[in-house]
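Novice: no sequence for this one, just the structure:
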């Protein structure tokens, strides 16, 4: 059976779809063990991390506290201490919250023209609450991303593999301008 465009109507258009967003989330099945080399679903790992759960099994706790990452998953034993989320989550949170707050300030000013103290009384708490609420979610997502891509020792190359040998012959030559003059 052919359609107007000449395509076969019985063929599923999504059979070759590689979009990870349409894949179902398996919340209690480990994606892989650390040593098997099987592909890891980036989207599923990021969603599990954003839910503050282990990116591998989806049930263990990712954090011991507000932002303190657990060394290992208490359910599946996946090592989580490799994570290097560092400064990326706060930058993304600032980007997101800044756009929300700025849009709100401009919309409120356009609609009501309130005094400055009213704007501050509304948007400072909103900014603080949004930032504190989004930070663990974004950090968990970044840890899930690192785990899925095997970054920083999550089943792939470690950070030490990127360090060149300390052989003096491999060092770049010294800049003659930086040498002291006699």
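Specialist: The structure has been received and is ready for your questions. Small disclaimer: the values here were computed from a predicted structure and weren't measured.
Novice: residue ranges with poor pLDDT in this structure?
Specialist: Within the chain, the ranges that satisfy pLDDT under 70 run 1-35, 156-182.
Novice: in it, which spans are strands?
Specialist: Using DSSP state E, no strands are found in the chain.
Novice: pull out the buried positions in the longest helix along it.
Specialist: Assignment by DSSP state H gives helix 116-148 as the longest helix of the chain. The neighbour-count criterion (16 or more other CB atoms under 10 Å) identifies 123, 127, 130-131, 134-136, 138-148 as the buried residues of helix 116-148. C-beta: built from backbone N, CA, C; applies to glycine.
Novice: go on, stretch 53-63?
Specialist: 53, 54, 55, 56, 57, 58, 59, 60, 62, 63.
Novice: dump these into TSV; add distance to residue 112 as well.
Specialist: Formatted as TSV, these follow (distance: CB to CB, whole Å):
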residue	distance to residue 112
53	41
54	46
55	44
56	49
57	49
58	44
59	47
60	47
62	41
63	39
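Novice: so which of those sit within helices?
Specialist: Short answer: the buried residues of stretch 53-63 have none in helices (DSSP H).
Novice: excluding chain neighbours, what is closest to residue 71?
Specialist: Of all residues not flanking residue 71 in the chain, residue 81 sits nearest, at 4.6 Å (CB to CB, 6 or more residues apart in numbering).
Novice: quick one: residues contacting that neighbour.
Specialist: Residues counted as contacts of residue 81 (CB atoms under 8 Å, 6 or more residues apart in numbering) are 69, 71, 72.
Novice: where does it fall, phi/psi-wise?
Specialist: For residue 81, the backbone dihedrals are phi -70, psi -10 (criterion: degrees, to the nearest 10).
Novice: oh, and call the first residue 6 from now on, that's how I've got it
Specialist: With the count now opening at 6, the last piece we talked about shows up as residue 86.
Novice: quick check: it vs residue 78, distance?
Specialist: The gap separating residue 86 from residue 78 is 11 Å, by CB to CB, to the nearest Å.
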